[in-house]
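> Would you be able to build a 3D model of this:
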Amino acid sequence: MRYIFLIYENEVIAAQRTEQEQMAVYERYFTFTELVRSEGVYEAGDPLEETATSTTVRIREGSILNTDGPFAETKEQLGGYYILDCADLDQALAYAAKIPTAEHGSIEVRPIMQLPG
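Numbers count the residues shown, from 1 in each chain. Take a look at the predicted model:
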């Protein structure tokens, strides 16, 4: 089953890391990515630019409304994702616990819907 791993952390706290601290986080992500590639479950994954670069689109009463920034005020922001093809939820949760941001943010694990055809 394919799962998406949505990686959330507080951008304000993350921005306070020194360059050395940030490089250490990147190294841990590189290690995790190599693990899931070597185990044959990796399908995709990317970090996202910070929420200040995003635009949210809504249609209300037939009008298109574009808003700078994320769709909601939250303490943690979506910072990246992985898509992994796991045997089951238990395996997916085990991988989620290995994603570095799980230690100070959160990882939402959600099955990807399989559409017919």
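> what's Ile4 sitting at in phi/psi?
Listed backbone geometry of Ile4 is phi -110, psi 140, with angles given as degrees, to the nearest 10.
> and it, how many neighbours?
Other residues within reach of Ile4, judged by other C-beta atoms under 10 Å, total 17. Just so you know, the C-beta spots here come from the backbone N, C-alpha and C atoms, and that holds for glycine as well.
> Isn't it up against Gly80?
No: proximity of Ile4 to Gly80 does not meet the contact threshold set by C-beta atoms under 8 Å, at 10.9 Å.
> Please report how far Met1 lies from Ile107.
Applying C-beta to C-beta, to the nearest Å, one obtains 17 Å for the distance of Met1 from Ile107.
> One more: Val36?
In this structure, Val36 and Ile107 are 13 Å apart, going by C-beta to C-beta.
> same question, Ala52
As it turns out, when the distance is counted by C-beta to C-beta, Ala52 lies 22 Å from Ile107.
> same question, Pro116
Distance of Pro116 to Ile107, computed by C-beta to C-beta: 29 Å.
> which one of those two has more residues nearby?
Between Pro116 and Ile107, counted using other C-beta under 10 Å, the more crowded position is Ile107 (21 against 3).
> now this structure, which segments are flagged as low pLDDT?
Within the chain, the stretches falling below the threshold (pLDDT under 70) are 70-73.
> which residues of the chain fall in strands?
Assigned strands in the chain, in chain order: 2-9, 42-47, 55-60, 63-68, 77-85, 106-111 (criterion: DSSP state E).
> CSV for those, including distance to Lys98?
Formatted as CSV, the strands of the chain follow (distance: least, C-beta to C-beta, whole Å):
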stretch, distance to Lys98
strand 2-9, 10
strand 42-47, 13
strand 55-60, 31
strand 63-68, 34
strand 77-85, 11
strand 106-111, 9
